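**Q** Next comes the sequence, and after it the predicted model I'd like to discuss.
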Amino acid sequence: MRILHTSDWHLGRSFHGEGLGDAHARYLDHLVELTRAEKVDAVVVSGDIYDRALPNPRTVELLDDALVRLLDTGSRVVVTSGNHDSATRLGFGSRVMEHSGLHIRAAYEGIARPIAIPRLGSQDTAGHVVALPYLEPSVAAGRFDTESTHRAVLTEAVTRGRTALPDDGLPVVGMAHAFFAGATTSESERDICVGGLGVAPRSVVDAFDYAALGHLHGAQTLSESVRYSGSPVAMSFSEAAHTKGTWLVDVARGRVSAEFIEAPIHRSLAILRGELDNLLADPKLEHAESAWCQVTLTDEIRPAAAMERVRARFPHTLRLIFDTPRTEAQPITYAERLKGRDDVELCCDFLAHVRGGRGPNATERTAIGKAVSAALRRGDEPMADDGSMFSLEDLR
C-alpha cells in the first residue's frame, strides 16, 4: 500500500499577525500534484486540520476545494480530528462522504471501523487504516472504562481498532494524534500534557505496520515504522530550522519504505541577533531580507526608531526583542545615586532611564536646562492659577 502521510495543517492560522492562507494554498496545490504524480492509494491526514474549532468560511472553502481535488486523483483520503478541531463539525456528514472516498474519523464510533483502502485503479484491497481521532483522556476514559491518561485511552483504542480488522494478511496503517515518548516539541503546539500524563509510549502503536502520527510540528522518525509528518507550514520561529514536507510511504506486512518530500516554502524564517548597526551592515544576512524575521537587538543603549530602521533592510520583520547586556554591579543607595548630580543631570538621567539608556541630545539638554532654570527662578513665587510653574516663553 502506498500512502502520503501529512498532518497539522492548522488551516486558518496566522503567523505573528500575518495570514497563512497563501502558504496553505500553495502547500495544498503541491499535495494534489504529489498525490497524482506518485499514484498513491491514500492520503492520510493525522489531525489538526483546522487551527480552531470554529473556522471562518474562507478556511472551510479552502479545505473543501483541496479535498475535491485530492479525490479527483482517484486516491482515497483519510482524515482524523486533532485537539484543535471540533470533532462534531469536522465529522458532520462523514458517513455520506465515505461513498466518495473521503473517510473522516472524528468520533469514538469510528475507531472500530477500519478503512479498507483499494489499490489505485483497482478493486483489490491494498491494505487497511485504523484511524484514531484525538482522544481527550478526561472524556475517553469514561467511555473506555480506563485510567484518565493518554497511554491508557490510546492503548484501548488501538486494541479496539485492531480487533475489528479482517485476518487477510494485508498491511495496516495506524493514525493517531498525540505526544509519544522520544519526540521533540516546538513552541507552536498546544500543550496536551498534565504532569507527564500526556506522553504515551511508542509501544502503543508498534503493532501497526506503519504509524502515521500527528500533533507535533516537526517531522520526526521515532522508528522506521513510527513517524511524525510535522506541519507543512511553520507556525512559530522555533520552527526556523525545520524542513517541512510530507512522507511518501510504501507499506507491506512487516516492511516499510519511506521518503520525505519537501514542501514548497512560502516565506522562509530568519532569527537575527546582534547590535543594530552590525545587523544592518552584515552582507551575510542578505537571505533574511525576504524572510519573516525575529530580531533581537543587543545594543547597550536602545536605538531610537529601532523597528523602523530594522525594517528598512528586513521589511518582513515580525518580532523585535531588546536584550540589553547587563553588567554585574554592587547595589548603591538612592542617596549615593544622587550624590554630586545637579538638577539638570538628574532630569537627563531620568530621560535616559525611560528611553532604555538613550539620553538627551544637545537640543533636548538645552531645553531641559532652560526648564530647570525657569522652575528655580519661580520657586519662591506663588503657583499660577492655571497650575503652570513657567510659561513656554521661558524655554525660548
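**A** Thanks, I have it.
**Q** Can you spell out the domain ranges of this structure, please?
**A** As assigned by automatic domain parsing, the chain contains the domains 2-262, 269-322, 334-395.
**Q** Just say which of those is most tucked in.
**A** domain 2-262 (a mean of 19; mean count of other Cβ atoms under 10 Å). For the C-beta atoms, the positions are set from N, CA and C on the backbone; glycine is no exception.
**Q** Go through the domains of the chain and find the least confident stretch.
**A** Of all those, domain 334-395 carries the lowest average pLDDT, namely a mean of 72.
**Q** Okay, helices next: where are they in this protein?
**A** 21-38, 57-72, 87-91, 94-97, 137-144, 150-163, 276-281, 306-313, 334-338, 343-354, 362-377 (DSSP state H).
**Q** between those, which gets nearest to V130?
**A** For V130, the closest of those is helix 150-163, at 3.7 Å, according to Cβ to Cβ.
**Q** Check the offset of that closest one from the chain's centre.
**A** For helix 150-163, the separation from the chain centroid amounts to 28 Å (computed by Cα atoms, centre = their mean, to the nearest Å).
**Q** and what of stretch 160-168?
**A** 35 Å.
**Q** got it, and stretch 299-306?
**A** Distance, stretch centre to chain centre, for stretch 299-306: 30 Å (Cα atoms, centre = their mean).
**Q** which residues sit against it?
**A** E275, L276, L297, R309, L320, F322, T324, P325, R355, G356, G357, R358 (Cβ atoms under 8 Å, 6 or more residues apart in numbering).
**Q** Just the endpoints, please. Distance across that stretch?
**A** 11 Å (Cα to Cα, to the nearest Å).
**Q** again, but for stretch 344-364
**A** By Cα to Cα, the extent of stretch 344-364 from end to end equals 11 Å.
**Q** One more: stretch 13-25?
**A** End-to-end distance for stretch 13-25: 12 Å, by Cα to Cα.
**Q** and what of stretch 225-237?
**A** End to end - Cα to Cα - stretch 225-237 spans 29 Å.
**Q** Ok, stretch 113-129 next?
**A** Using Cα to Cα, the end-to-end distance of stretch 113-129 comes out at 9 Å.
**Q** What are the contacting residues of that stretch?
**A** Taking Cβ under 8 Å, 6+ apart as the rule, stretch 113-129 contacts 1-3, 39-42, 44, 74-76, 78, 103, 105, 130-131, 161, 164-166, 168, 170-175, 209, 251.
**Q** Of the contacts of stretch 299-306, which is the nearest to A335?
**A** Using Cβ to Cβ, G357 comes nearest to A335 of these, at 22.7 Å.
**Q** State the distance from that closest one to D124.
**A** 73 Å (Cβ to Cβ, to the nearest Å).
**Q** cool, V68 as well?
**A** Taking Cβ to Cβ, one finds V68 at 25 Å from D124.
**Q** all strands for the stretch 151-300 of the chain, in order.
**A** When secondary structure is read from DSSP state E, counting those that start in this stretch, the stretch 151-300 of the chain shows strands at 172-177, 179-180, 199-200, 210-214, 220-223, 226-228, 245-252, 255-262, 269-274, 292-297.
**Q** strand partners of the second one, parallel vs antiparallel please.
**A** It refers to strand 179-180. strand 199-200 (parallel) (DSSP bridges).
**Q** for the fifth one, same thing?
**A** Taking DSSP bridges as the criterion, strand 220-223 sits next to strand 226-228 (antiparallel) in its sheet.
**Q** Check the fourth one too.
**A** Within its sheet, strand 210-214 is paired with strand 172-177 (parallel), strand 226-228 (parallel), according to DSSP bridges.
**Q** so who does the closest residue to V256 other than its chain neighbours touch?
**A** The shortest distance from V256 to any non-neighbouring residue, by Cβ to Cβ, 6 or more residues apart in numbering, is to S225 (4.8 Å). Remark: with contacts taken as Cβ under 8 Å, 6+ apart, S225 is in contact with D206, F208, D209, Y210, A211, V256.
**Q** Can you pull the phi/psi pair for S225?
**A** For S225, the backbone dihedrals (degrees, to the nearest 10) come out as phi -110, psi 10.
**Q** Over to the one 10 residues further on?
**A** Reported as degrees, to the nearest 10, the phi and psi values for M235 are phi -130, psi 10.
**Q** Check the gap between the closest residue in space to it that isn't next to it in sequence and V205 for me.
**A** Nearest non-adjacent residue to M235, counting by Cβ to Cβ, 6+ apart: S188, 4.0 Å away. Remark: distance between S188 and V205 (Cβ to Cβ) = 23 Å.
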